[in-house]
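*Asks:* Sequence unavailable; structure follows:
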């Protein structure tokens, strides 16, 4: 077995399948983005500790704000659309309105056949906002993705909706009927 610096022995790493959840939303929902990321990390840690050795996996959240700013020619959102399309699932958190970049990510994922799209709309009041561009867009497309409408950001049902999306991803990952397909996929 090879040794590292000062006689440190490093065992070969275990192969794991990585499942990426791309998180799409504007920075107006930063606390909710942080909460979703923390929930994914907590779930991942529990599965890392207690996982089935025949199906090791990790969950990772891909967030646009983790990138170092780069000067790119053309549409600056193109890279995030590409990453949303390359993820296993894209989770969209919405509040008052849909921004151009978020809409481009949703539309990009809708072009894919193999990316789960989940949209959580956190509304201040369910009785207002039904005539907005966002409401029309969601109504027109709601049969194309998992759609959850909740109370405002920070509400209990908004948090529960995030847990529901993560639980749905875990149910799919751990489903015995999906084992061969999921753990032999290259993405």
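*Replies:* Looks like it arrived, so ask away. What you see is a predicted model, and the numbers here were worked out from it, not measured in a lab.

*Asks:* contacts, neighbours, all on C-alpha from now
*Replies:* Will do.

*Asks:* Tell me the span between the first and last residue of stretch 147-163.
*Replies:* Start to finish, the residues bounding stretch 147-163 are 14 Å apart (Cα to Cα, to the nearest Å).

*Asks:* So for it, what gets flagged as buried?
*Replies:* 147-148, 150-153, 157-159, 161-163 (16 or more other Cα atoms under 10 Å).

*Asks:* again with stretch 82-101
*Replies:* Buried residues in stretch 82-101, counted by 16+ other Cα under 10 Å: 83-95, 98, 101.

*Asks:* Most widely separated two among these?
*Replies:* Across those, no pair lies farther apart than 86 and 95, at 24.6 Å, counting by Cα to Cα.

*Asks:* need the helices for this protein, in chain order.
*Replies:* For the chain, helices defined by DSSP state H occupy the ranges 30-50, 78-86, 100-110, 133-141, 156-174, 179-183.

*Asks:* From the centroid of this structure, which residue is nearest?
*Replies:* residue 21 (2.8 Å; Cα atoms, centre = their mean).

*Asks:* That one pairs with what?
*Replies:* Here residue 21 sits in beta bridges with residue 61, residue 89, as judged by DSSP bridges.

*Asks:* Where does the prediction get shaky in the chain?
*Replies:* Applying pLDDT under 70 to the chain flags residues 1-5, 54, 68-72, 126-131, 179-187.

*Asks:* what about the residue lying closest to residue 145 once chain neighbours are set aside, distance to residue 20?
*Replies:* Distances taken as Cα to Cα, 6 or more residues apart in numbering place residue 117 nearest to residue 145, at 5.2 Å, with adjacent residues excluded. Relative to residue 20, residue 117 is positioned 12 Å away (Cα to Cα).

*Asks:* who touches both of these two?
*Replies:* residue 89 (Cα atoms under 8 Å, 6 or more residues apart in numbering).

*Asks:* Pick out whichever of these two has more residues nearby.
*Replies:* Set residue 117 next to residue 20 and count neighbours by other Cα atoms under 10 Å: residue 117 wins out with 24 against 19.

*Asks:* Any idea what the more buried one is bridged to?
*Replies:* So, taking DSSP bridges as the rule, residue 117 has residue 90 as bridge partners.

*Asks:* hang on, the earlier thing: looking at the buried residues of stretch 147-163, spot the one nearest residue 43.
*Replies:* Sorting these by distance to residue 43 puts residue 163 at the head of the list, at 9.8 Å, by Cα to Cα.

*Asks:* Wait, that closest one touches residue 39, no?
*Replies:* Yes: using Cα atoms under 8 Å, residue 163 is in contact with residue 39, at 7.5 Å.

*Asks:* any idea how far the closest residue to residue 149 other than its chain neighbours is from residue 24?
*Replies:* Counting by Cα to Cα, 6+ apart, residue 149 lies nearest to residue 121, which is 4.8 Å off, once chain neighbours are set aside. Separation of residue 121 from residue 24 (Cα to Cα): 12 Å.
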